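K.L.:
Prediction below, plus the sequence it came from.
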Amino acid sequence: MKESRRKFLKIAGVSAIGIGTGSVLTAFASSGSKEEKAAQAAGARFKHRAESLKAGHWGMVIDTRKIDADLAAKIQETCHSIHNVPGIEGKQELKWIWPSDYKHVFPMQTNPYVSEQLKKAPILALCNHCENPPCVRVCPTKATFQREDGIIMMDFHRCIGCRFCMAGCPYGARSFNFRDPKPFIKEMDPMYPHRMIGVVEKCNFCDERLARGQMPACVEVSKGAILFGDLDDPDSNVRKALRANTTIRRKPSLGTSPSVYYIV
């Protein structure tokens, strides 16, 4: 007990003089016990975050011309498998990214003369990580919040299941766990936390991969059909694609300013 108290005071003293979190954890991990090794591992994770990908405002460009049904299915499968999205079918289906059709994804931009190719193309839908997100404004617990780099995050532990964010999202990009999702996950990926019954989930732009210096999984498997980069950087890949192509966003008249653009 005295030894534990001494270690606690050691941490408190180091924190008081302003040493960073990683140093505090290193100070705690001194004798090699199980708890101290865990602290060392946590310190290593903080150190690893120095290699994370950063941006002023993350954005995505999806080239609908390059995505067929097979590629759309592969993108969805990859995203769902690494994020432990349960395979529940029917009305209680959960989805982070999914293929739909043009008239449902862009109901405000459809017209009688849209090409047959575009009408039949699988259009990938996901959270738009809006600049003005209504989901964030209506959440009573701040379980959904906007980061400085534009990503709209979900804190599963703070979610109380009120589903106000689902009502506030005009894109249907959020799913609710009506039942325990674990029995519906074929193979649990330990790199991402599984959810519990009664919480909302959605795409997070692969925040956990960005923290490890990796691009979102959908970008890696898209064969160049999905670009991801800094919208604040005029020399980024997404800004170059936006200058070189005609793009549209979902439901622009709502004023949410989505960060996901589509080349059509």
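P.N.:
Received the coordinates, thanks.
K.L.:
Show me how this structure divides into domains.
P.N.:
With automatic domain parsing as the criterion, the domains of the chain are listed as 2-51, 58-263.
K.L.:
And those, which one averages the lowest pLDDT?
P.N.:
For the domains of the chain, the weakest mean pLDDT is recorded on domain 2-51, namely a mean of 42.
K.L.:
Tell me which residues touch the residue nearest to residue 94 when sequence neighbours are not counted, please.
P.N.:
Spatial nearest neighbour of residue 94, chain neighbours left out: residue 175 (3.9 Å); criterion: CB to CB, 6 or more residues apart in numbering. Using the backbone N, CA and C atoms, a C-beta is placed for each residue, glycine as well. Contacts for residue 175 (CB atoms under 8 Å, 6 or more residues apart in numbering) come out as 93, 94, 95, 96, 200, 201, 202.
K.L.:
which among those end up buried?
P.N.:
Applying 16 or more other CB atoms under 10 Å to the contacts of residue 175, the neighbour count classes 94, 95, 96, 200, 201, 202 as buried.
K.L.:
These in strands, which ones?
P.N.:
200, 201 (DSSP state E).
K.L.:
which one of the buried ones among the contacts of residue 175 sits closest to residue 194?
P.N.:
residue 201 (10.0 Å; CB to CB).
K.L.:
tell me the most buried of the domains of the chain?
P.N.:
Compared across the domains of the chain, domain 58-263 shows the largest average neighbour count, a mean of 17 (mean count of other CB atoms under 10 Å).
K.L.:
all strands for this protein, in order.
P.N.:
58-63, 97-100, 123-126, 144-146, 152-154, 175-176, 200-201, 226-230, 247-248, 260-263.
K.L.:
returning to that earlier point: what would the contacts of residue 175 look like in a markdown table with distance to residue 73?
P.N.:
Putting these into a markdown table (distance: CB to CB, whole Å) gives the following:
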| residue | distance to residue 73 |
| --- | --- |
| 93 | 15 |
| 94 | 16 |
| 95 | 12 |
| 96 | 14 |
| 200 | 24 |
| 201 | 20 |
| 202 | 20 |
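K.L.:
out of the residues you listed, who's nearest residue 129?
P.N.:
Nearest to residue 129 among those, counting by CB to CB, is residue 202 at 9.7 Å.
K.L.:
Work out which residue lies at the spatial centre of the chain.
P.N.:
residue 204 (0.8 Å; CA atoms, centre = their mean).
K.L.:
List the contacts of that one.
P.N.:
Each residue near residue 204 by CB under 8 Å, 6+ apart is listed here: 127, 151, 152, 153, 154.
K.L.:
need the residues you listed in JSON lines with distance to residue 87, can you?
P.N.:
Shown next, in JSON lines, are the contacts of residue 204 (distance: CB to CB, whole Å):
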{"residue": "127", "distance to residue 87": "20"}
{"residue": "151", "distance to residue 87": "25"}
{"residue": "152", "distance to residue 87": "24"}
{"residue": "153", "distance to residue 87": "24"}
{"residue": "154", "distance to residue 87": "20"}
